[in-house]
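> Need a 3D model of the following:
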Amino acid sequence: MKFLDSVKSNDIALFCKRWMIREFAVFGSIVREDFRPESDVDVLVTFRRNADWGLFDHAQMQNELEALFGRKVDLITRRALERTQNQILRDRILNSTKVIFSEDEAAYAER
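Numbers count the residues shown, from 1 in each chain. Predicted coordinates:
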């Protein structure tokens, strides 16, 4: 998780607000001890209900995150994860996520 300390939380919050992301979490090697300089960053996002993004928007988000993190990013949405037939993969991801941004917490902090 030391790598995440180098990324400004404000930059992630701004990204989330711009893309109507309710929750931004990471999973995979970045939350374990086997994260390496060549590792990618696995990101799970949950959108607000009124967010309606297409494939090109998804690619743009991924590009922005790669610029922010300075490495390859695998971006998946909670909706896609919940629809997968691979329950083992879904459970493994959901049980290992670390929330980096939550709109609920951000709204509370702004009061």
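
> In the top helix by length along the chain, which residues have enough neighbours to count as buried?
Ranked by residue count and defined by DSSP state H, the top helix of the chain is helix 55-69. Neighbour-count burial for helix 55-69 flags 58, 61, 64-65, 68-69 (criterion: 16 or more other C-beta atoms under 10 Å). Quick note: C-beta positions are derived from backbone N, CA and C, even for glycine.

> Which of those sits closest to residue 19?
Taking C-beta to C-beta as the measure, residue 19 sits nearest to residue 61 out of these, at 5.8 Å.

> show me where the protein has strands.
Listed in chain order, the strands of the chain (DSSP state E) span 21-27, 41-47, 73-77, 98-102.

> can you put the ones you listed in TSV and add mean pLDDT and mean neighbour count?
Below are those laid out as TSV (pLDDT from 0 to 100; neighbours: other C-beta atoms under 10 Å):
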stretch	mean pLDDT	mean neighbour count
strand 21-27	96	20
strand 41-47	97	22
strand 73-77	97	17
strand 98-102	93	16
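
> Figure out which of these is closest to residue 92.
Among these, strand 21-27 comes nearest to residue 92, with 8.4 Å by C-beta to C-beta.

> elements contacting the closest one?
Here strand 21-27 touches helix 9-18, strand 41-47, strand 98-102, helix 103-110, going by 3 or more C-beta pairs under 8 Å, 6 or more residues apart in numbering; DSSP states H and E.

> Go again with 10 Å.
The contact analysis (3 or more C-beta pairs under 10 Å, 6 or more residues apart in numbering; DSSP states H and E) places strand 21-27 against helix 9-18, strand 41-47, helix 55-69, strand 73-77, helix 78-83, helix 87-94, strand 98-102, helix 103-110.

> Report the inter-axis angle for the longest helix of the chain versus strand 21-27.
Orientation of helix 55-69 against strand 21-27 (axes from the mean of the first three to the mean of the last three C-alpha atoms, to 10 degrees) gives an angle of 60 degrees.

> Now helix 55-69: average pLDDT?
Helix 55-69 carries an average pLDDT of 96.
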